[in-house]
Each structure stands twice: as C-alpha cells, then as structure tokens.
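*Asks:* how does the following fold in three dimensions:
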Amino acid sequence: MTLKEGQRVELAAEVVLTGSVTAAGDDPARTGPVAGSLSLAPGTGGTVERVYGDRPEQQSPEVREYVRLKSLMDDFGHQMPPASRRQLEENLASLEAEWTAHQTEGLGVTVRVRLDNGFVLDEARQDLFAPA
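*Replies:* Predicted coordinates for the structure are as follows:
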C-alpha cells in the first residue's frame, strides 16, 4: 500500500518517540542527552503531507539490479539484438519475485504526516499508518 499526499491516515500501532529536545532555531547538531519520550496511541489521526520515494540505499542489491535492468529494457530494449533482449528478459524474470516483494512491503517509502494533535512525523515509515 502506498500512501498519497492529502490522504487521511491513522497510526496502525503505538509509536514511541525518544530523544533530546532542541529549541526551534537552535543547531540540531547541538543536542544533549535523551530528555524523555512520548507515546502516540494507535488510531491517532492525521494527514499525509508528503511522500518520499524509494531511496537506493534502502534497496537490496537485487532490487537495485532489477531497477537498472528494467531501465535498460525500457530505454534500449527495442534496439537490442533478439538474443541480448531475450537474455535481459530472463534476468528481469529472475529478479521479479524480489521486486514484487519490495513493492508489496513498500520498504524505503517514508511519509511526512501532520497529526491532528499538532505533532508532525517526518520521514516515518509508511507501514506505521493505515488509511482512515
């Protein structure tokens, strides 16, 4: 499931935020020890403000290879000799299961959600949310 900007969502599980407190405008690199934690209950509603796409560093080597080969096929497949095209199709087929699992899990896709209570969760994994 991929979330969309403007979509209403709710937390699918309890989320616990921990860390240090930094005043707005202060240098975020200047943080002290952990100041506390905050728990947000499942069902807390909000709105998706932004969806961040898949990042290559969060993809497995097989997924990156699938993306590379798919791009090659889309851009140059029609110009390839039949034997080369067939080999490329076979390589894509061998990586299809990994790609499908990656798409289903939505790994690497994060969102910015403004919760109804005023909190903003930025670059949160999309699997933490369910459509409202």
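*Asks:* rest of the way, CA atoms for contacts and neighbours
*Replies:* OK.
*Asks:* residue 69 is in what secondary structure piece?
*Replies:* helix 61-76 (DSSP states H and E).
*Asks:* in that helix, which residues are buried?
*Replies:* Buried residues in helix 61-76, defined by neighbour count with 16 or more other C-alpha atoms under 10 Å: 62, 63, 64, 65, 66, 67, 69, 70, 73.
*Asks:* how deep is residue 8 tucked in, by neighbour count?
*Replies:* When neighbours are defined as other C-alpha atoms under 10 Å, residue 8 has 19 of them.
*Asks:* follow-up on the earlier one: for the helix holding residue 69, packing partners?
*Replies:* helix 82-105 (3 or more C-alpha pairs under 8 Å, 6 or more residues apart in numbering; DSSP states H and E).
*Asks:* now residue 92: how far from residue 46?
*Replies:* Separation of residue 92 from residue 46 (C-alpha to C-alpha, to the nearest Å): 39 Å.
*Asks:* hmm, back to that, can you lay out the buried residues of helix 61-76 as a markdown table showing pLDDT and distance to residue 38?
*Replies:* As requested, the buried residues of helix 61-76 are exported to a markdown table (pLDDT from 0 to 100; distance: C-alpha to C-alpha, whole Å):
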| residue | pLDDT | distance to residue 38 |
| --- | --- | --- |
| 62 | 88 | 37 |
| 63 | 85 | 35 |
| 64 | 85 | 36 |
| 65 | 89 | 40 |
| 66 | 88 | 40 |
| 67 | 86 | 39 |
| 69 | 90 | 44 |
| 70 | 89 | 43 |
| 73 | 89 | 48 |
